[in-house]
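**Student:** can't give you the sequence, but here's the structure:
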């Protein structure tokens, strides 16, 4: 990779990461690293990706705001569904009826 070039960034992932704490709190899920990772991974698998590169400063913030408005409902819905799955079967829980 050439120096000075920015790596592609998934704006939808950034939006989901920003909304994750509030959704987990509303869903009453313990805020652990494992739960955050699991909820985010499950949610992102259901969401479209929107990669951008070279978006510095102000333009970058405008892109995030534009996509946040466009995808906010989808992101919240996906995070909520993923949260329910993680809450019902947290990591390390092999029994389908298990909820630590």
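**Tutor:** Here it is on my side, so go on. Keep in mind that this is a model prediction, so the values were computed, not measured.

**Student:** quick check: which ranges of the protein have low pLDDT?
**Tutor:** 1-5, 54-57, 92-100 (pLDDT under 70).

**Student:** what segments of it are strands?
**Tutor:** 9-10, 51-52 (DSSP state E).

**Student:** tell me which other helices or strands the last one touches.
**Tutor:** Spelled out, that is strand 51-52. Judged by 3 or more Cβ pairs under 8 Å, 6 or more residues apart in numbering; DSSP states H and E, the packing partners of strand 51-52 are strand 9-10. Glycine gets a C-beta too; all of them are placed from N, C-alpha and C.

**Student:** so what touches the strand it packs on?
**Tutor:** 49, 50, 51, 52, 53, 55 (Cβ atoms under 8 Å, 6 or more residues apart in numbering).

**Student:** apply 6 Å and report the result again.
**Tutor:** The contact list for strand 9-10 (Cβ atoms under 6 Å, 6 or more residues apart in numbering) reads 49, 51, 52.

**Student:** any idea how far residue 58 is from the residue nearest the centre of the chain?
**Tutor:** The chain has residue 16 as the residue nearest its centroid, 3.1 Å off, counting by Cα atoms, centre = their mean. Using Cβ to Cβ, to the nearest Å, one gets 22 Å for the distance from residue 16 to residue 58.
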